[in-house]
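K.L.:
model this:
(chains A and B)
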Amino acid sequence: MSISHDTLPMGRVEFGGIVKEVCLAYVPEASVGDFVIVHVGFAIHRIDAEQAERTLADLALLRETPDGAGET
Amino acid sequence: MRLVDEFRAPGAVDALAKRIGRVVTRPWRIMEVCGGQTHAIVRFGIDQMLPPTLSLLHGPGCPVCVTPIERIDRALFIASRAEVVLCSFGDMLRVPGSETDLLGAKGRGADVRVVFSPLDALAIAEREPQRQVVFFAVGFETTAPAIALAAERARQTGIENFSLLVAHVLVPPALEAVLGDPECRVDGFLAAGHVCTIMGLEQYRPIAKKYRVPIVATGFEPTDLLQGILLLVEQLESGRHEVENQYTRAVTAGGNAHAQSMLARVFEVVPRAWRGLGEIPRSGLGLRAEYRSLDADLRFPEGPAAAAEPEVCRAGRVLRGIERPTECPAFGSDCTPAHPLGAPMVSSEGACAAYYRFRSPA
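P.N.:
Next up, the predicted model:
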């Protein structure tokens, strides 16, 4: 993601190869290189990379303990 | 694509499906609220990975599907005026009104344009000041902040030839309508991830408590959906009914405060009619008094007489999770995406379209 400021805060967001101009008014904390969720031309969330990693770690743990270790 | 592919990893999908199979001891019925989730479930075959006692019901979270025929007819009426450019998201163009659809109107010369963002419609109004640009504002809490910002910009910059035909709806009142239905069979909900991105989780706590149903905010990738289902069945099997968050990378308890404050500035909560569900109190958003000059219903006050939904279409029962699309006698024969009888066969979020696209016998 890259950012330009015209009258509205806008940024260029790449969607798997396609680049679109997107409004960033609702994610003022976003910075270049972030992953954002975009809906109808508006970024609505900056992906929490730490939480994403945590979810992936939970999934990895589940794969390593296929018998459901820890369950009663 | 990064942060997408990881959530589709086959090993994790299998491990989650197996874990669900071990946790489930009784029949449960889970409703996914969002049409985007319905499509992902049918496309990836998530429902077919689950134990047979666990059924997924498809909910009312397809904005195009729940927009009543009255709004479509009004859009058609406004689009037929010579001075009007009617702008819409692409999904709305094939939704049948009582006589035609927006694509048909376009074929007969109406100026109907598909836009990616409401800001595109505003830009058309700025470029073509002699035209009346009307944006057909359809959608849930995820979409409404974009419309709100376009309304605010139009007012700030004095663009007077822009207006909104508003049909915005809200998820929590729809869940209550589904739960309050005597035919309701829902034991737990997967809440729509991106609606929760905007609104957070708090609105769901009173519903979970009142109806004793667990609600899990869930994402859209295969592992998200399976993890959301796992969290729900763990709650159901242990008799809990809490609000949980599977989609932590995109949903916080408080939601997006910037978007919420713009929503509150531009819109107020109003009663709204839903296709198939009827009028639900406090279930929609309408423009506040300060923004009424942008209201296309007031700008073009005369209009067509109210029409009834077509009787053959079972959209109402499908949207309430009472019937599956394939139970409708018209499914795949009289009703197809090329010749839809009702909105759920048209929309990229409609349950009937999902079954037609991914489940039709070859």
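K.L.:
tell me the contacts of the one residue in the stretch 101-250 of chain B that gets nearest to chain A?
P.N.:
Nearest residue of the stretch 101-250 of chain B to chain A (CB to the nearest CB) works out as B:Ser117 at 2.5 Å. Where C-beta positions appear, they are placed from N, C-alpha and C, glycine not excepted. By CB atoms under 8 Å, 6 or more residues apart in numbering or on different chains, B:Ser117 lies in contact with A:23, A:40-42, B:146.
K.L.:
Mind doing that once more with 7 Å?
P.N.:
Taking CB atoms under 7 Å, 6 or more residues apart in numbering or on different chains, we find B:Ser117 in contact with A:40-42, B:146.
K.L.:
now do B:Gly255
P.N.:
B:196-200.
K.L.:
can you check B:Ala82 too?
P.N.:
Contacts of B:Ala82 by CB under 7 Å, 6+ apart: none found.
K.L.:
try the one 3 residues further on
P.N.:
Residues in contact with B:Val85, defined by CB under 7 Å, 6+ apart, are B:111, B:113, B:124, B:128, B:131, B:133.
K.L.:
Who is it paired with across the strands?
P.N.:
B:Asp111, B:Val133 (DSSP bridges).
K.L.:
Next one: it from B:Asp295, what distance?
P.N.:
17 Å (CB to CB, to the nearest Å).
K.L.:
in chain B, which segments are predicted with low confidence?
P.N.:
Along chain B, segments meeting pLDDT under 70 span B:360-362.
K.L.:
Quick one: name the residues of it near chain A.
P.N.:
Within chain B, the positions adjacent to chain A are B:1, B:3, B:6, B:11-12, B:15-16, B:18-19, B:22, B:116-119, B:142-143, B:145-146, B:149, B:194, B:197-198, B:223, B:248-250, B:256, B:258-259 by CB under 7 Å from any CB of the partner chain.
K.L.:
For the stretch 1-150 of chain B, just list every one of the strands.
P.N.:
For the stretch 1-150 of chain B, the strands defined by DSSP state E, counting those that start in this stretch occupy B:28-34, B:54-61, B:84-88, B:111-114, B:132-139.
K.L.:
Quickly run through the sheet partners of the first one, with directions.
P.N.:
Strands adjacent to strand B:28-34 in the sheet, as given by DSSP bridges, are strand B:54-61 (parallel), strand B:188-192 (parallel).
K.L.:
wait, what's in contact with the spatially most central residue of chain A?
P.N.:
Taking CA atoms, centre = their mean, the centroid of chain A lies closest to A:Ile47, which sits 2.8 Å from it. A:Ile47 makes contacts with A:35-37, B:3, B:249-250, as judged by CB under 7 Å, 6+ apart.
K.L.:
now do B:Thr53
P.N.:
B:24, B:26-27.
K.L.:
Residue numbers of chain A in contact with chain B?
P.N.:
Taking CB under 7 Å from any CB as the measure of proximity, chain A contacts chain B at A:16, A:23, A:25-26, A:28, A:35, A:37, A:39-42, A:44-45, A:47-48, A:51-52, A:54-56, A:59, A:62-63, A:66, A:68.
K.L.:
Residues in a beta bridge with B:Phe267, which ones?
P.N.:
Listed by DSSP bridges, the beta-bridge partners for B:Phe267 are B:Leu287.
K.L.:
And the pLDDT for whichever residue of chain A sits closest to chain B?
P.N.:
The minimum distance from chain A to chain B, using CB to the nearest CB, falls at A:Gly41 (2.5 Å). With respect to pLDDT, A:Gly41 scores 95.
K.L.:
do you know how far it is from B:Tyr356?
P.N.:
Between A:Gly41 and B:Tyr356 the computed distance is 28 Å (CB to CB).
K.L.:
how about the helices in the stretch 1-150 of chain B?
P.N.:
B:10-23, B:35-44, B:63-66, B:69-79, B:102-107, B:118-127, B:144-157 (DSSP state H, counting those that start in this stretch).
K.L.:
mind listing what's buried in the last one?
P.N.:
Of the residues in helix B:144-157, B:144-155 count as buried by neighbour count, 16 or more other CB atoms under 10 Å in any protein chain shown.
K.L.:
B:Pro129: how many residues sit nearby?
P.N.:
Residue neighbour count, defined by other CB atoms under 10 Å in any protein chain shown, stands at 10 for B:Pro129.
K.L.:
quick one: low-confidence ranges for chain A?
P.N.:
Within chain A, the ranges that satisfy pLDDT under 70 run A:1-6, A:66-72.
K.L.:
can you map out the strands along it?
P.N.:
Using DSSP state E, the strands of chain A run over residues A:2-5, A:9-15, A:18-23, A:36-39, A:42-46.
K.L.:
Give me the angle between the second one and helix B:118-127.
P.N.:
Translated: strand A:9-15. Relative orientation of strand A:9-15 with respect to helix B:118-127: 130 degrees, computed using axes from the mean of the first three to the mean of the last three CA atoms, to 10 degrees.
K.L.:
So for stretch B:101-115, first residue to last residue, what's the gap.
P.N.:
The first residue of stretch B:101-115 is 17 Å away from its last residue (CA to CA, to the nearest Å).
K.L.:
ok so, going back, among the contacts of A:Ile47, which one lies nearest to B:Leu102?
P.N.:
Of all the contacts of A:Ile47, A:Ile37 has the smallest distance to B:Leu102: 27.9 Å, by CB to CB.
K.L.:
got the contact list for that closest one?
P.N.:
For A:Ile37, the contact set (CB under 7 Å, 6+ apart) comprises A:43-45, A:47, B:194, B:197, B:250.
K.L.:
what's around the closest residue in space to it that isn't next to it in sequence, how many residues?
P.N.:
Of all residues not flanking A:Ile37 in the chain, A:His45 sits nearest, at 4.4 Å (CB to CB, 6 or more residues apart in numbering or on different chains). Close neighbours of A:His45, defined as other CB under 10 Å, add up to 25.
K.L.:
I'd like the strands of the stretch 1-150 of chain B laid out as TSV, including distance to A:Thr7.
P.N.:
Below are these laid out as TSV (distance: least, CB to CB, whole Å):
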stretch	distance to A:Thr7
strand B:28-34	33
strand B:54-61	33
strand B:84-88	20
strand B:111-114	23
strand B:132-139	19
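K.L.:
of all those, which lies closest to B:Pro281?
P.N.:
The nearest among these, by CB to CB, is strand B:54-61 at 15.6 Å.
K.L.:
Mind listing what's buried along the closest one?
P.N.:
Per 16+ other CB under 10 Å, strand B:54-61 contains these buried residues: B:54-61.
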